[in-house]
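Chemist: predicted structure and sequence below. I'll ask about it afterward.
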Amino acid sequence: MASVVSETAFAPMVCLEGLVKTRSQSESVFELEVPGFTVQPGQMVAVIGESGCGKSTLLDIIALVMTPSAVARFEIANGAAGMVSDVAALWANDDEDALTALRRDAFGYVLQTGGLLPFLSVRQNICLPARIKGRRLSQARVEGLAKSLGLAGCLDRMPVSLSIGQRQRAAIARALAHQPRLLLADEPTAAVDKARARSIMDDMQRLAREESVAVVVVTHDVELIVDRADAAYTFETVQLSEQHSRSICRPAEGLCP
Ligand SMILES: Nc1ncnc2c1ncn2[C@@H]1O[C@H](COP(=O)(O)OP(=O)(O)OP(=O)(O)O)[C@@H](O)[C@H]1O
């Protein structure tokens, strides 16, 4: 079997080519096509589009929680600098151990609604991904992250006692705490007002830059990513029949430098 891990100088964090995902429910069929999608180290890449165009489907595939129906090339930088995993081969070989290790090590994930475990304090939530990796975070690391996300004083509270914005900030701290090189965020500011959304995005971007973490952020709010993202992708949807739609993901020209 060919090696599924290789060392490549200046490798992208994510490289996708020729991806197709078909999702069907009863009579209706949705097809996502991604001819090419690349995230370079340290870049912030926005994925924008209307509801139902396939943004979360794309993010879930990158997060290795959804299998592509077909893919010509799918590589993810796997945590160690310069090392790249051939995800297409891992899926083809059904190598669940390697996929689990990549999920644990390669990225942090922020959901629309935080997804904090309600029975753990904010501090315990932030420490969880590192614990799963068998590492202990220093208190200085946890307190530093909390401070830079405006959560000082919240660490020993339970998630239920935080505002929605504070929960999202805690989820960002949790996603970054184990020092992944890629942060995946699915509409991280969907549940807060515009001013809070901007402030959370600013803090997420600043922290990602300080920690040299690349970010893929899904949003339907173009205003939120203009002047922030280094690159953006959007979707063109074609209705092939009443029940069959195809959405093609391409670079969003003119939105980002
Ligand atoms: N479990 C499922 N089974 C079949 N089709 C699904 C399923 N979940 C979603 N879909 C379809 O896949 C398409 C893409 O959904 P997806 O959630 O990726 O869109 P989205 O752009 O993230 O939307 P939103 O902005 O509303 O979250 C939609 O047309 C949806 O109807």
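Modeler: Okay, I see it. Residues are numbered from 1 along each chain as shown.

Chemist: is Ala130 in a helix, a strand, or coil?
Modeler: What DSSP: H, G, I helix; E, B strand; the rest coil gives for Ala130 is helix.

Chemist: then the one 10 residues further on?
Modeler: Ala140 carries the three-state label helix when classified by three-state DSSP.

Chemist: show the pLDDT at it.
Modeler: Ala140 is assigned 92 on the pLDDT scale.

Chemist: how much space separates it from Val20?
Modeler: Note on Ala140: its distance to Val20, by Cβ to Cβ, to the nearest Å, is 46 Å. The way it works is simple: take the backbone N, C-alpha and C, and place the C-beta from them, glycine included.

Chemist: swap in Asn93?
Modeler: Distance from Asn93 to Val20, by Cβ to Cβ: 19 Å.

Chemist: show me what the helix or strand encompassing Asn125 is in contact with.
Modeler: Using DSSP states H and E, the element containing Asn125 is helix 122-132. Residues from elsewhere that reach helix 122-132, judged by Cβ atoms under 8 Å, 6 or more residues apart in numbering: 104, 108, 116-117, 120, 136-137, 142, 145-146, 151, 154-159, 162, 170, 173-175, 177-178.

Chemist: show me where the stretch 51-200 of the chain has its helices.
Modeler: Read by DSSP state H, counting those that start in this stretch, the stretch 51-200 of the chain holds these helices, from start to end of the chain: 55-62, 87-92, 96-105, 122-132, 139-148, 164-177, 194-210.

Chemist: out of those helices, flag the one nearest the ligand.
Modeler: Closest of the helices of the stretch 51-200 of the chain to the ligand is helix 55-62, at 3.3 Å (criterion: Cβ to the nearest ligand atom).

Chemist: hmm, that closest one in reach of the ligand?
Modeler: Yes - judged by Cβ under 6 Å from any ligand atom, helix 55-62 comes into contact with the ligand through 55-57.

Chemist: for Lys21, which three-state class applies?
Modeler: For Lys21, the assignment made with three-state DSSP gives strand.

Chemist: how close does it sit to Glu211?
Modeler: 30 Å.

Chemist: more neighbours: these two, which one.
Modeler: Taking neighbours as other Cβ atoms under 10 Å, Lys21 and Glu211 compare with Lys21 leading, 21 against 15.

Chemist: quick check: the more buried one touching Leu32?
Modeler: Yes - counting by Cβ atoms under 8 Å, Leu32 is a contact partner of Lys21 at 4.5 Å.

Chemist: now list whatever residues contact both of these two.
Modeler: Taking Cβ under 8 Å, 6+ apart as the contact rule, Lys21 and Leu32 both touch 54, 57.

Chemist: which parts of this protein sit against the ligand?
Modeler: Contact residues (Cβ under 6 Å from any ligand atom) of the chain with the ligand: 23-25, 30, 49, 51-57, 220.

Chemist: shaky segments in the stretch 51-200 of the chain?
Modeler: For the stretch 51-200 of the chain, the stretches with pLDDT under 70 are 79-82, 114.

Chemist: can you tell me the residue of the stretch 151-257 of the chain closest to the ligand?
Modeler: Going by Cβ to the nearest ligand atom, the ligand is nearest to His220 of the stretch 151-257 of the chain, at 5.4 Å.

Chemist: pLDDT score for that residue?
Modeler: Looking at His220, the pLDDT reads 86.

Chemist: so it touches Glu187, yeah?
Modeler: Yes - contact status for His220 versus Glu187: in contact at 7.3 Å, counting by Cβ under 8 Å.

Chemist: touching both of the two, which residues are there?
Modeler: With Cβ under 8 Å, 6+ apart, His220 and Glu187 have common neighbours Lys55.
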